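Asks: predicted model and sequence follow; I will ask about them next.
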Amino acid sequence: MNKIFAGIKKNISLFLAGMIVAVLALSSKAFAQGTGGTGSSTLDSLIQKIINLINLLIPILVGIAVIYFIWGIIKFMSAGGNEEKLREGKRHIVFGLLGLAIIMGVWGFVGIICQFFGITCTTP
């Protein structure tokens with residue numbers, strides 16, 4: 001059980017580190033706005049491409065997480081009293097829900113970044 005939580009802790013740490021790097025990278029746009037140079041438009045283009053990629057991946061990742069969650073429910077229901085299969089089914093359910101929560105969090109974070117920097121974003 002501790003191995004499971006260690007893996008979750010590592011994944012959440014990597015996710016948060018990635019978000020911090022993204023915020024720092026995107027915050028440079030706010031400081032570059034006053035310069036009037038062409039670097040700002042290049043950064044806008046890069047941010048827009050990253051956001052478009054994320055918006056493309058979100059529905060795919062949601063589908064994978066839902067399938068993983070449903071797989072866990074099926075494993076749990078078909079365990080037939082076997083403790084190992086029950087544990088495995090519960091683990092799939094928890095990780096499926098955790099994946100959905102993280103994906104929705106990223107989607108919300110992208111929306112916040114778009115509003116903060118005044119970037120036009122389309123939602124999937």
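Replies: Good, I have the coordinates.

Asks: residues in contact with Val94?
Replies: Contact partners of Val94, counting by Cβ atoms under 8 Å, 6 or more residues apart in numbering, are Gly72. Where C-beta positions appear, they are placed from N, C-alpha and C, glycine not excepted.

Asks: got the contact list for Cys114?
Replies: By Cβ under 8 Å, 6+ apart, the contact list for Cys114 reads 51, 120-121.

Asks: only the buried subset of those, as a ChimeraX command please.
Replies: Restricted to buried positions by 16 or more other Cβ atoms under 10 Å, the ChimeraX selection for those reads:
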select :51,121
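
Asks: beyond the longest helix along the chain, next helix or strand please.
Replies: In terms of residue count, the longest helix belonging to the chain (DSSP state H) is helix 39-77. Following helix 39-77 in sequence order, the next helix or strand is helix 83-117 (DSSP states H and E).

Asks: what's the distance between the nearest residue to Val106 once chain neighbours are set aside and Ile113?
Replies: Spatial nearest neighbour of Val106, excluding adjacent residues (Cβ to Cβ, 6 or more residues apart in numbering): Ile54 at 6.9 Å. According to Cβ to Cβ, to the nearest Å, Ile54 stands 10 Å off from Ile113.

Asks: more neighbours, these two?
Replies: The neighbour comparison of Ile54 against Ile113 (other Cβ atoms under 10 Å) goes to Ile113, with 21 against 18.
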